[in-house]
Structures are given as structure tokens and as C-alpha cells.
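**Student:** 3D model of this:
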Amino acid sequence: MNGDSEEMTSNNIKLLAGNSHPELAELISKRLSIPLSKVGVYQYSNKETSVTIGESIRDEDVYIIQTGFGEQEINDFLMELLILIHACKTASARRITAIVPNFPYARQDKKDKSRAPITAKLVANLLQTAGCENVVTMDLHASQIQGFFRIPVNNLYAEPSVLHYIRTKTDLDNAILVSPDAGGAKRVAYLADKLDLNFALIHKERQKANEVSKMVLVGDVTNKTCLIVDDMADTCGTLVKACDTLLEHGAKEVIAIVTHGIFSGSAKEKLKNSKLARIVCTNTVPVELDLPIIDQIDISPTLAEAIRRLHNGESISYLFTHAPSE
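**Tutor:** Have a look, this model is predicted:
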């Protein structure tokens with residue numbers, strides 16, 4: 001890998017982690033050979049969040065690892081991140097970078113109906129007001145969210161790691177890529193070009209949020225292994241219906257590959273009863289489902305290399321098309 005084994009050029013760096021994904025923070029810490037700084041994050045009995053940083057961060061380059069996750073806890077984790085940023089700012093940190101693999105509220109990125117909030121813009125404003133000077137995230141639901149910020153946003157892509165997984169863990173001889181909606185067609189077309197495969201598209205119609213009413217397949221999937229590629233799996237209604245649609249049209253088997261495996265609400269029950277051969281996700285959020293069909297891709301090397309390159313003042317565009325070596 002181009003430079004991923006180099007040492008950090010300075011010791012003035014601190015890694016901080018909130019409570020959302022300690023396993024990912026540990027993996028990044030080991031990859032960089034930098035220990036996680038001592039941070040105490042706890043709640044008072046009235047549910048107020050309190051943060052204590054247990055060591056000096058004056059004039060340090062601070063990277064705070066916190067992902068958007070949780071059915072009940074997502075707002076607590078967002079407040080943790082904001083308070084951690086503010087605590088570092090008031091403790092005279094040199095530069096504060098938020099590592100947010102799964103950006104919270106990313107699906108509320110536009111005013112799609114009357115009186116609808118653009119909550120992703122609000123989150124962007126909160127991060128900047130707290131004192132964040134740089135954001136690293138992965139596979140934003142809408143890449144235009146970067147325009148909500150007045151600070152640099154590095155939107156990394158899971159595609160290089162996904163390509164490596166597909167090449168090493170699936171049979172490409174009779175495979176076809178499938179986009180579960182029109183919005184993901186560009187992502188799937190990119191992967192199809194890299195893998196020299198055909199791709200199909202599913203058009204879905206929704207009656208209300210998180211509920212798909214009808215799916216129409218565009219493309220021939222007869223006797224093929226279908227690889228559904230999407231940015232996130234939440235309640236998994238889309239994936240399960242897409243799987244059923246593909247099998248009805250003669251697909252041999254269906255494998256789903258997503259970046260953010262959120263799996264909230266009734267997702268476990270849907271996946272347990274689904275006909276999916278496998279569902280693959282990265283570890284941008286912790287996966288708490290104990291199902292044999294779930295497989296994971298570790299993206300901590302990509303995040304760690306992004307931190308190293310940012311700290312050393314190097315370009316991170318290399319990571320848009322290459323996955324760091326293990």
C-alpha cells in the first residue's frame with residue numbers, strides 16, 4: 001500500500017472515542033499504534049451527558065471517533081460527540097477532527113414535503129458550532145451533505161473494500177450486480193465497471209417512510225447470483241422485498257452488500273425469515289445481530305489511514321479507489 005506502513009511524523013496526536021462503537025475505535029488505535037486517550041462519558045440521573053477528558057490535549061491534533069447508531073441512543077451519541085468536541089475546544093486543542101463513519105440524520109437531507117426539516121444541515125451546524133474543524137465520514141446517504149458545512153468534509157467510500165470482498169469471497173462467473181433503487185444506480189454502475197459485470201435496477205415505490213409497496217425489476221437475472229449493493233440497511237424491508245423480486249424473476253441466489261448495517265426495529269425477524277443467502281456489511285456501526293447469514297468487512301484500515309494522512313498533511317484521495325493492505 002502506498003504509504004500506509006509509514007510512521008506518524010509527529011507525536012502531537014490524540015485519539016478519543018465516545019461510547020457508540022468502542023470496538024472500531026480499538027481497531028483504529030491498534031492500526032495506528034496510538035493508544036486511546038482517557039475519556040469519561042457518563043450520564044447524570046436526569047440523563048444529562050457529562051464528559052471528562054483525563055489527560056492534557058493542549059496544542060494536540062485531536063481525532064474523535066463516534067458513529068451515528070442506536071434505536072434509543074443515537075441522540076445521546078450525537079450529544080456525546082458535540083460535548084467532546086466542545087470540551088477539546090475549551091481545552092485548547094490545536095485541531096479537532098470528528099471521525100463519524102455513519103453520519104447521523106443523513107437521510108433527512110432535503111425538504112421533500114411541506115414543513116419538513118433539513119436535519120442533516122442542522123447536525124452540520126451543530127458540529128461546527130461545537131468547534132469541529134474537519135469531518136471524516138463514509139458513504140454519505142447524499143454526497144451533497146458536504147455542502148452543508150463550511151469546514152472540510154472527507155467522504156470516504158467503502159467501494160474499494162467491497163470490491164476486494166466481492167473478488168475474494170464470491171463467484172463472479174455467473175454474477176450480476178443489482179441496485180435496489182434508482183438513487184444507488186451510480187454506485188452499482190461504478191462497481192459493475194470495475195468487476196466487468198452487468199447490472200440490473202429495481203424501481204421501488206413507497207407509500208410511506210421505511211415501507212416499500214411495489215418493486216419493478218429492470219434487467220435479466222435468470223440463473224444468476226445477484227449482488228444487491230446499497231449504502232445502508234435499516235429495517236431491511238427494501239432488501240427482503242428486493243430479494244423476493246429477484247428470486248421471482250429466476251435468480252439463483254441473492255447476496256446483499258451494504259455499507260451501514262443499522263438493522264433497527266424488526267430487521268432481525270425480517271432477515272431471519274428472508275431468502276437472502278448472505279448479507280454483508282462493514283463495521284461503521286456495531287452489528288448486534290447473531291445470524292449466520294451476516295458477514296462483515298473491516299473498514300478500520302481505511303479510517304486509520306485517513307487519520308494518518310490528514311495528520312501528516314497528505315492527500316487522502318488515494319483512499320477513494322484503494323483499500324489499505326491488511
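
**Student:** hey, let's count contacts and neighbours off CA atoms from now on
**Tutor:** Will do.

**Student:** the helices in the protein, which residues?
**Tutor:** For the chain, applying DSSP state H gives helices covering 22-32, 74-90, 119-130, 159-169, 185-195, 237-248, 267-272, 300-311.

**Student:** Please identify the buried residues of the shortest one?
**Tutor:** Meaning helix 267-272. Buried residues in helix 267-272, counted by 16 or more other CA atoms under 10 Å: 267, 268, 270, 271.

**Student:** and the helices of the chain as CSV, adding mean pLDDT and distance to residue 152?
**Tutor:** Rendered in CSV, the data for the helices of the chain read as follows (pLDDT from 0 to 100; distance: least, CA to CA, whole Å):
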stretch, mean pLDDT, distance to residue 152
helix 22-32, 96, 21
helix 74-90, 96, 16
helix 119-130, 98, 11
helix 159-169, 94, 21
helix 185-195, 92, 23
helix 237-248, 92, 33
helix 267-272, 92, 34
helix 300-311, 97, 11
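
**Student:** list the contacts for residue 249?
**Tutor:** By CA atoms under 8 Å, 6 or more residues apart in numbering, the contact set of residue 249 is 220, 221, 222.

**Student:** can you do 10 Å?
**Tutor:** Contact partners of residue 249, counting by CA atoms under 10 Å, 6 or more residues apart in numbering, are 217, 219, 220, 221, 222, 223, 243.

**Student:** for residue 259, same thing?
**Tutor:** Taking CA under 10 Å, 6+ apart, we find residue 259 in contact with 101-102, 138-140, 157-159, 161-162, 229-233, 280-285, 296-297, 299.

**Student:** same deal with residue 273?
**Tutor:** The contact partners of residue 273, by CA under 10 Å, 6+ apart, come to residue 240.

**Student:** For it, what are phi and psi?
**Tutor:** For residue 273, the backbone dihedrals are phi -100, psi 0 (criterion: degrees, to the nearest 10).

**Student:** ok, residue 69 to residue 224 distance?
**Tutor:** 34 Å (CA to CA, to the nearest Å).

**Student:** typo on my end, residue 43
**Tutor:** Counting by CA to CA, the separation of residue 43 from residue 224 is 51 Å.

**Student:** and if you look at residue 133?
**Tutor:** From residue 133 over to residue 224 the distance is 47 Å, taken as CA to CA.

**Student:** And for residue 137?
**Tutor:** With CA to CA as the criterion, residue 137 and residue 224 are 34 Å apart.

**Student:** got it, and residue 289?
**Tutor:** Distance from residue 289 to residue 224, by CA to CA: 28 Å.

**Student:** Comparing these two, which residue is more hemmed in?
**Tutor:** Neighbour totals were compared for residue 289 and residue 224, and residue 224 leads with 20 against 14 (other CA atoms under 10 Å).

**Student:** Touching, residue 178 and residue 229? I think so.
**Tutor:** Yes - with contact taken as CA atoms under 10 Å, residue 178 and residue 229 are classed as touching, separated by 6.3 Å.

**Student:** who touches both of these two?
**Tutor:** Residues touching both residue 178 and residue 229 (CA under 10 Å, 6+ apart): 184, 185, 188, 255, 256.

**Student:** correct me, but the last one touches residue 274?
**Tutor:** No - the pair residue 256 and residue 274 fails to qualify as a contact (CA under 10 Å) at a distance of 11.5 Å.

**Student:** So which of those two has more stuff around it?
**Tutor:** residue 256 (24 against 15).

**Student:** what's the distance between residue 110 and residue 36?
**Tutor:** Taken as CA to CA, the span from residue 110 to residue 36 is 36 Å.

**Student:** next one: residue 238
**Tutor:** For residue 238, the distance to residue 36 (CA to CA) stands at 38 Å.

**Student:** quick one, what contacts the residue sitting nearest the centre point of the chain?
**Tutor:** With distances taken as CA atoms, centre = their mean, the chain has residue 102 as the residue nearest its mean C-alpha position (3.9 Å). Applying CA under 10 Å, 6+ apart, we find residue 102 in contact with 66-69, 136-141, 232, 259-262, 283-285.
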